[in-house]
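S.K.: Structure here, sequence nowhere to be found:
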């Protein structure tokens, strides 16, 4: 039974929810970045032998799932539930992968916060006694997302300085009550925060307030300070968003300078032409299941607060003059 | 702590998860149907004073939520979590409503199975000890869905005989551990089932196998027979789908003739021009929170198995030649 005090948004798990399998696969651009050695696999190109980019994204999704299952020596049939989502309309990557996997399926949509959302729900299913193994997985793809949310790639539309590049990648995590070295101990579920940003090419500004609000709430609910974590990581705020994150949290009395990183900044670190960095569900998912959790297994990091952030816009909402709401969920992960 | 045997997909709640608030609102077409007296409110038209149909759908969503909160004398701030989704790209009705409500938010996507999916996840959060109150809500709108999934309304495209009409309606349920007369006692989470149907105007055929598979699994997992329920209700299989449901389940050894109903058939029962009946998340959600749960409160029904069904297609997946996978989750609800 979980502890949760009235009015708090942080779920603290009575027994840790262990991470027993991890899998990550990235695209050819991400393979040129500084984290390439941490991904289990790098695909040769965006189509990966498929006829369409959407079918290729499903292949990325299924590959990350296979790698995570392999990593813990389990089969799809051992999983009690799959919690999955992605960026595409009607989350077709996750749903069509669920058709192949035949695991009882919860589809979620939280834009780029999907990895955090699936881990939060998965942890409650394990800790609540509803499951022995839960598979959490998500993906994104540059070619499917850009044409759905922005412009047809064929137009060659120039990017603005605040633009981010949708990451082509997928990540999967198997949660379990079987003891391993790394576990989820708490999570904070985000509220939807809207700062009135209307520029669909400036996702960092749209999501940063939600990220700060969730991280600060987590610290307050658990009575911790930023330096209790080795890393506080956001999903894809990008370069400008990451600067704003540090600035906003400092104004709220929390200096996170020495412990803060953003997956969107890390994944393309030092590469030319990537503007503000990476974005997309697959960004946080692959950096978590690649770099972060592997570093924790290798004892290079002990405690992290993984906070994937989502911008809840649609092309229709933008055209109808709506601003862009953001959401973020924080997952506390530690070596045990 | 919940009971769940290995290999079973049915979650049986140790303590019942009580339904303490219900809210439903329908559009002007649905108000002409036989269930109109059961809905809390009927809106005057599809736009309901808003500038766009999408903004109107959000108003339906928020209205159903207000009615459910009113029904149990609670405020949005009393809710620990909102679990919501709808049919629109990036589930904008639910996410923009979550922005106004400021309740920690899990966005889900399960097409028309959303009401069942949210009740299943909400029940685990209550039974697992993670929440005292969870708000589950979903909506659909004829004008927003038809133009997104099929054709612009202005074209006046004739419907095929297997067509269903997306219902304009929303429904909301407040779950709690505080004792009331009606409770959720178990739920079965669906697998994604694909029978190879490719006709986007024949959702009943695409979803029926998933519905039968989930309902039969529920009966087998719990050792019950169909007549242990007063009603076994599917979300929106429509007239042909409902016939197929009875036929398919009979072939599996279960005769459900006397206990089976479909919300899509009920909501437009006896009305002209509605082809196979209603569809959409709002169909099951409004019939559940209107007719079904009110009838249970009035002691006209004692036990139901509510099984909302979703077709997990996207216009893109159809154009790329994919068939239409279905999913269904069954929620066992009874008077206590």
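M.R.: The structure has been received and is ready for your questions. Being a predicted model, the structure only gives us computed values, none of them experimental. Numbers count the residues shown, from 1 in each chain, chains lettered A, B, ... in the order given.

S.K.: confidence score at residue A:272?
M.R.: For residue A:272, the model assigns a pLDDT of 89.

S.K.: how close does it sit to residue A:45?
M.R.: 19 Å (CB to CB, to the nearest Å). Quick note: C-beta positions are derived from backbone N, CA and C, even for glycine.

S.K.: quick one: whatever residue of the stretch 51-200 of chain A ends up closest to chain B from residue B:200, how far?
M.R.: Taking CB to the nearest CB as the measure, the point where the stretch 51-200 of chain A comes nearest chain B is residue A:128, at 2.5 Å. Here residue A:128 is placed at a distance of 37 Å from residue B:200 (CB to CB).

S.K.: tally of neighbours for residue A:152?
M.R.: 9 (other CB atoms under 10 Å in any protein chain shown).

S.K.: residue ranges of the strands in chain A, please?
M.R.: A:10-26, A:41-42, A:81-86, A:105-107, A:133-140, A:165-166, A:169-176, A:182-188, A:231-234, A:260-262, A:278-279, A:303-311, A:326-335 (DSSP state E).

S.K.: Show me which of residue A:272 and residue A:45 is the more surrounded one.
M.R.: residue A:45 (11 against 5).

S.K.: Residue A:31 and residue A:40 touch, don't they?
M.R.: No. Between residue A:31 and residue A:40 there is no contact, the gap being 11.8 Å when judged by CB atoms under 8 Å.

S.K.: Could you check which of these two is surrounded by more residues?
M.R.: Legend: neighbour count by other CB under 10 Å for residue A:31 and residue A:40, higher for residue A:40 (22 against 17).

S.K.: And the closest residue to that one other than its chain neighbours, how far from residue A:267?
M.R.: In this structure, residue A:40 finds its nearest non-sequential neighbour in residue A:67, 4.7 Å apart by CB to CB, 6 or more residues apart in numbering or on different chains. Computed as CB to CB, the residue A:67 to residue A:267 distance reads 18 Å.

S.K.: and these two? which has more neighbours close in?
M.R.: residue A:267 (32 against 21).

S.K.: Quick one: residues contacting the residue nearest to residue A:40.
M.R.: Listed by CB atoms under 8 Å, 6 or more residues apart in numbering or on different chains, the contact set of residue A:67 reads A:22-25, A:40-41, A:172.

S.K.: Same list (the residues you listed) but as JSON lines, adding pLDDT.
M.R.: Shown next, in JSON lines, are the contacts of residue A:67 (pLDDT from 0 to 100):
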{"residue": "A:22", "pLDDT": "98"}
{"residue": "A:23", "pLDDT": "98"}
{"residue": "A:24", "pLDDT": "98"}
{"residue": "A:25", "pLDDT": "98"}
{"residue": "A:40", "pLDDT": "98"}
{"residue": "A:41", "pLDDT": "98"}
{"residue": "A:172", "pLDDT": "98"}
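
S.K.: Chain B contacts on the stretch 201-336 of chain A?
M.R.: A:312-317, A:320, A:322, A:325, A:327 (CB under 8 Å from any CB of the partner chain).

S.K.: Now the two most distant members of those residues.
M.R.: Using CB to CB, the two most remote members of these are A:320 and A:327, lying 19.7 Å apart.

S.K.: between those two, which one's more packed in?
M.R.: Legend: neighbour count by other CB under 10 Å for residue A:320 and residue A:327, higher for residue A:327 (33 against 15).

S.K.: how deep is the nearest residue to residue A:96 once chain neighbours are set aside tucked in, by neighbour count?
M.R.: Spatial nearest neighbour of residue A:96, excluding adjacent residues (CB to CB, 6+ apart): residue A:58 at 5.2 Å. The burial count assigned to residue A:58 is 28, neighbours taken as other CB under 10 Å.

S.K.: Same check on the one 4 residues further on?
M.R.: Other residues within reach of residue A:62, judged by other CB under 10 Å, total 22.

S.K.: Let me know the pLDDT of it.
M.R.: So residue A:62 comes in at 98 (pLDDT).

S.K.: same deal with residue A:194?
M.R.: 97.

S.K.: thought it was touching residue A:325?
M.R.: Yes. Between residue A:194 and residue A:325 there is a contact at 4.1 Å, judged by CB under 8 Å.

S.K.: from the contacts of residue A:67, which is closest to chain B?
M.R.: residue A:172 (16.8 Å).

S.K.: Compute the distance between residue A:325 and residue A:192, please.
M.R.: Residue A:325 is 5 Å from residue A:192, by CB to CB.

S.K.: and what of residue A:91?
M.R.: 19 Å.

S.K.: Have a look at the two and say which one is more surrounded.
M.R.: residue A:91 (29 against 25).

S.K.: so what's that one up against?
M.R.: Residue A:91 is in contact with A:84-85, A:107-109, B:109, counting by CB under 8 Å, 6+ apart.

S.K.: what do you get for residue A:41?
M.R.: Going by CB under 8 Å, 6+ apart, the list of residues near residue A:41 reads A:24-26, A:63, A:67.

S.K.: can you do 10 Å?
M.R.: By CB atoms under 10 Å, 6 or more residues apart in numbering or on different chains, the residues touching residue A:41 are A:23-26, A:31, A:60, A:63-64, A:66-67, A:170, A:290.

S.K.: Of these, which is the most crowded?
M.R.: residue A:170 (39 neighbours).

S.K.: beta partners for that residue?
M.R.: Here residue A:170 sits in beta bridges with residue A:25, residue A:139, going by DSSP bridges.

S.K.: list residues touching both of residue A:325 and residue A:192?
M.R.: The contact sets of residue A:325 and residue A:192 overlap at A:210, A:310, A:312, B:95-96, B:98-100, B:105 (CB under 10 Å, 6+ apart).

S.K.: per-residue pLDDT, residue A:115?
M.R.: 98.

S.K.: Now for it, how many residues are close by?
M.R.: Residue A:115 - counted by other CB under 10 Å - has 34 other residues nearby.

S.K.: Kindly report the same for residue A:178.
M.R.: Using other CB under 10 Å, the number of residues around residue A:178 comes to 11.

S.K.: pretty sure it contacts residue A:16?
M.R.: No. Using CB atoms under 10 Å, residue A:178 makes no contact with residue A:16, being 11.1 Å away.

S.K.: hmm, back to that, what about residue A:194 and residue A:325, which has more around it?
M.R.: residue A:325 (29 against 18).

S.K.: what about the more buried one, distance to residue B:149?
M.R.: 24 Å.

S.K.: now swap in residue A:87 and tell me
M.R.: Counting by CB to CB - residue A:87 and residue B:149 are separated by 18 Å.
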